[in-house]
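In: from the sequence below, what's the structure:
(chains A, B, C and D)
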2 protein chains.
Amino acid sequence: MEYVEAKEKFISTWGSLGTLWGINKAMAQIQALLFISTKPLSMEEIMEELKISRGNTSMNLRQLIDWGIVTKVLVSGERKEFFTTEKDVQELARIITKERSRREIKPVIKVLEEVSSINDDGTEKTKELIKQTKALKELTDDLDTLMNKLVNQKQNWLTKSVLKLMK
Amino acid sequence: MEYVEAKEKFISTWGSLGTLWGINKAMAQIQALLFISTKPLSMEEIMEELKISRGNTSMNLRQLIDWGIVTKVLVSGERKEFFTTEKDVQELARIITKERSRREIKPVIKVLEEVSSINDDGTEKTKELIKQTKALKELTDDLDTLMNKLVNQKQNWLTKSVLKLMK
DNA sequence: ATAAACTTTCAATAATTATTGAAAGTTTAA
DNA sequence: TTAAACTTTCAATAATTATTGAAAGTTTAT
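Out: Got it, this is the predicted structure:
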């Protein structure tokens, strides 16, 4: 396998992984492309490489910027905008974990709290609903806390944590 | 909020969460319904409660069984089949983590390995592709290992792990 | 062996989600 | 100011994914 094939394989794999995880294909592919690029790319270059429209590129770049994964960079002497992604995988994992927690996990915890704190009318089904949603709430909360803890230990948090847990 | 409202809120929240994570709505809702049910349910009852068709119920139950989250149970004196889901949240998390690792993470690691081990022709872009996909491969591998470690510590692994990491 | 009770399959259709492209909007240089 | 260079917006359309329902398949009781 040589460069072009490897590059395409990486971009398309990353794209379908995104789809599987509720991130849209174009968004994941743009990030993948920037991730292996040696320099910031313009919208034109991204469109060209991925064969997607200007509108699509613009919208998905905006989302990536919203997530804090991609940033605009100014290239001196150039009028148009250029984009790069965070290149450090640990930092990338940090950003994604935090954003997912904020956008997805926290709201679910809130609903689980509401549901699990309804009035106990003494019936079996109400007791079961309360018990199970409470258990789910606690698990979700613990996992969220764990992930945030992991991710907030700077430098090599992952390796350190793995080692810690292996003891 | 009383029982029926709370139940519906739980089921629909769980359903949309599923969608967000690449699991389809009906599948997530069936699991949610079984999760708070005090007894195994028949296909008829599931269809009725969630207002979905027989075909849809059948297909999604099969998928849940494939995942190992739902099991058929025989109710004596009854001809039709009944279904329950794993009721213990920690066990549920174990099953889901293992299956996601097997179905999603491992195949990605394989691709990243292939891509990162292409021949280094000395060009900057090849070096970058190798470097970045290797870093991603290592991160993914570490995360996968960590999750599997976490999940394989029986009893209260999560709480224990959180406490360990807080030190 | 037959028929009733039940489940699965799958082509057709509906619902959802992503993508395009051209018009409108913005910024910069002269 | 104006016009060229660029980006954003969004209605229309395409692509994908989920759902239905009826026919085919299976199991069990008699």
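In: mind listing what the residue positioned nearest the centre of chain A touches?
Out: Of all residues in chain A, the one closest to the mean position by Cα atoms, centre = their mean is A:Ile96, 3.6 Å from it. With contacts defined as Cβ atoms under 8 Å, 6 or more residues apart in numbering or on different chains, A:Ile96 is in contact with A:67, A:69. Placement of C-beta: from N, CA and C, glycine included.
In: go again using 10 Å as the cut-off
Out: Residues near A:Ile96 by Cβ atoms under 10 Å, 6 or more residues apart in numbering or on different chains: A:21, A:23, A:67-69, A:86, A:151.
In: let me have the residues you listed in TSV, extended by distance to A:Glu104 and pLDDT.
Out: TSV is the format used below for the contacts of A:Ile96 (distance: Cβ to Cβ, whole Å; pLDDT from 0 to 100):
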residue	distance to A:Glu104	pLDDT
A:Trp21	11	82
A:Ile23	12	88
A:Trp67	12	95
A:Gly68	15	95
A:Ile69	16	96
A:Glu86	20	96
A:Val151	15	84
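In: show me which helix or strand of chain A is least confident by mean pLDDT.
Out: helix A:157-166 (a mean of 69; mean pLDDT, DSSP states H and E).
In: drop anything exposed from the contacts of A:Ile96.
Out: The neighbour-count test (16 or more other Cβ atoms under 10 Å in any protein chain shown) marks A:23, A:67, A:69, A:86, A:151 as buried among those.
In: please see if the helix or strand hosting A:Val151 touches chain B.
Out: Using DSSP states H and E, the element containing A:Val151 is helix A:124-152. Yes. Using Cβ under 10 Å from any Cβ of the partner chain, we find that helix A:124-152 touches chain B at A:124-143, A:145-147, A:149-150.
In: can you say which of these are buried?
Out: Using 16+ other Cβ under 10 Å, the buried ones in the residues of helix A:124-152 next to chain B are A:126, A:128-130, A:132-143, A:145-147, A:149-150.
In: now, which of those residues lie close to DNA strand C?
Out: The subset of those within reach of DNA strand C, counting by Cβ under 7 Å from any atom of the strand, is empty.
In: is it true that A:Gly18 touches A:Gln63?
Out: No. If you go by Cβ atoms under 10 Å, A:Gly18 and A:Gln63 don't touch, sitting 11.4 Å apart.
In: and the two? Which one has more around it.
Out: Using other Cβ atoms under 10 Å in any protein chain shown as the criterion, A:Gly18 and A:Gln63 rank with A:Gly18 on top: 20 against 16.
In: residues from chain A in reach of DNA strand D?
Out: Residues of chain A lying close to DNA strand D (Cβ under 7 Å from any atom of the strand) are A:19, A:42-44, A:54-55, A:58-59, A:61-62, A:78-81.
In: quick one: contacts for the residue nearest to A:Lys80 when sequence neighbours are not counted?
Out: Distance criterion Cβ to Cβ, 6 or more residues apart in numbering or on different chains; nearest residue to A:Lys80, sequence neighbours excluded, is A:Ser42 at 5.1 Å. Counting by Cβ under 10 Å, 6+ apart, A:Ser42 makes contact with A:48, A:57, A:75, A:78-83.
In: where does A:Asp121 land in three-state SS?
Out: Following DSSP: H, G, I helix; E, B strand; the rest coil, we place A:Asp121 in the coil state.
In: how many residues are close by it?
Out: 10.
In: equivalent analysis for A:Trp14, please.
Out: Neighbours of A:Trp14 (other Cβ under 10 Å): 24.
In: go on, the one 5 residues further on?
Out: Here the number of neighbours of A:Thr19 (other Cβ under 10 Å) works out to 13.
In: what about it, which helix or strand?
Out: Assigned by DSSP H and E, A:Thr19 falls in helix A:3-20.
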